[in-house]
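Chemist: Sharing a sequence plus its predicted fold:
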Amino acid sequence: MFQHDERLGIQLPALKREWHDYSMDEKQEMMHRWEMIRGQIPDRIQELEKTINRKQFELDREEDFEQSCRLNTEISELASIINDLWLWFRTVPDVHSTTKLHS
């Protein structure tokens, strides 16, 4: 019911059925697992922020234009990942909801 997302570095919901088609026990199990995964997201974000800071340090000292562009692109991608992780962090399903666990 969860699948590793290489880009984000975490497990994400991969539901095979509609949320309302799962039993209450299955929903509770998925929600428990999601809460465990959610708890790891701030650590993952902190990891990525350290990488961004390191790359920004490199960028400040880089004189080669092409290398600067590459570093800028990498920093932008890492920032995009952080943004997506925050969106997932805010995803809190309700067992009684008809809303899917995934977006």
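Modeler: Right, received. Where do you want to start? Numbering: from 1, shown residues only.

Chemist: which stretches of this protein have low pLDDT?
Modeler: For the chain, the stretches flagged by pLDDT under 70 are 94-103.

Chemist: where's the residue nearest the centre of it, which helix or strand?
Modeler: Nearest to the geometric centre of the chain sits Leu85, at 3.1 Å (C-alpha atoms, centre = their mean). Using DSSP states H and E, the element containing Leu85 is helix 65-89.

Chemist: ditto for Ile45
Modeler: Element membership for Ile45, per DSSP H and E: helix 41-61.

Chemist: list the buried ones in that helix?
Modeler: Ile41, Arg44, Ile45, Leu48, Ile52, Lys55, Leu59 (16 or more other C-beta atoms under 10 Å). (C-beta placed from N, C-alpha, C; glycine too.)

Chemist: Please work out which residues outside it touch it.
Modeler: Applying C-beta atoms under 8 Å, 6 or more residues apart in numbering, the contact partners of helix 41-61 are 8-10, 68, 71-72, 74-75, 78-79, 81-82, 85-86, 88-89.

Chemist: Show me which of these is closest to Arg17.
Modeler: Ranked by distance to Arg17 (C-beta to C-beta), these are led by Trp88 at 20.5 Å.

Chemist: re earlier: list buried members of the contacts of helix 41-61 by neighbour count.
Modeler: Taking 16+ other C-beta under 10 Å as the criterion, what is buried in the contacts of helix 41-61 is Leu8, Ile10, Leu71, Ile75, Leu78, Ile81, Ile82, Leu85, Trp88, Phe89.

Chemist: sec struct for the residue of the chain most remote from its centre, please.
Modeler: Ranking residues of the chain by C-alpha distance from their mean position (C-alpha atoms, centre = their mean) puts Glu63 at the top, at 32.6 Å. Per DSSP: H, G, I helix; E, B strand; the rest coil, the secondary structure class of Glu63 is coil.
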